[in-house]
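Colleague: Provide a 3D model corresponding to the input given below.
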Amino acid sequence: MQQINEILINGAISILVILVGIAVKSVKEYLVQKGGEKTIKIVEILAKNAVNAVEQVSFTTGYNGHEKLEHARTKIRAELSKYNIQMTDSDLDTFVESAVKQMNDAWKGQ
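Modeller: Presented below is the predicted three-dimensional model:
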């Protein structure tokens, strides 16, 4: 029974990773059409930096899960306003999730 649960969990995680990849690709294509490649690069860099910053302070601040996401969104929005770029929460979440995945993959050595 436990093996079946592990197989189901691994399958669900695999599907989630694929869906995040598809979502990132779709958002990138949308942003390229709307604002160009420069906008995407800016958002990717800001998301990566925000995720790293939130992870570093989460131990001392006690942030977890949703609080980390909100804090990362706040930091990214503050920087995006400097470039006069507006994004929805769902678009930001996609970039944050992508940055988290990249960070986790790098940490795991993949």
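Colleague: The spatially most central residue of the chain: what's it in contact with?
Modeller: Centrality entry for the chain: nearest residue to the mean C-alpha point is Val96, 1.8 Å, by Cα atoms, centre = their mean. Contact analysis of Val96 by Cβ atoms under 8 Å, 6 or more residues apart in numbering lists 47, 50-51, 69, 72-73, 76. C-beta here means a position set from N, CA and C on the backbone, and glycine is covered the same way.
Colleague: nearest to Lys108, of the residues you listed?
Modeller: Nearest to Lys108 among the contacts of Val96 is Val51, at 15.4 Å by Cβ to Cβ.
Colleague: could you pull out the helices for the protein?
Modeller: 2-34, 37-61, 66-82, 89-108 (DSSP state H).
Colleague: what residues does the third one touch?
Modeller: What that stands for is helix 66-82. Here helix 66-82 makes contact (Cβ under 8 Å, 6+ apart) with 42-43, 46-47, 49-51, 53-55, 58, 63, 86-87, 89, 92-93, 95-96.
Colleague: One more: the second one?
Modeller: Under the contact criterion Cβ under 8 Å, 6+ apart, helix 37-61 has outside partners 28, 31-32, 63-64, 68, 71-73, 75-76, 79-80, 83, 85, 87, 92, 95-96, 98-100, 102-103.
Colleague: how about the nearest residue to Met103, chain neighbours excluded?
Modeller: Using Cβ to Cβ, 6 or more residues apart in numbering and skipping residues adjacent in sequence, the residue nearest Met103 is Val51, 6.0 Å away.
Colleague: And for that neighbour, the neighbour number?
Modeller: 26 (other Cβ atoms under 10 Å).
Colleague: orientation of the helix or strand bottoming out on mean pLDDT in the chain relative to helix 89-108 in degrees?
Modeller: Least confident helix or strand, the chain: helix 2-34 with a mean of 79, by mean pLDDT, DSSP states H and E. Angle of helix 2-34 versus helix 89-108, following axes from the mean of the first three to the mean of the last three Cα atoms, to 10 degrees, is 120 degrees.
Colleague: Alright, that wraps it up for me.
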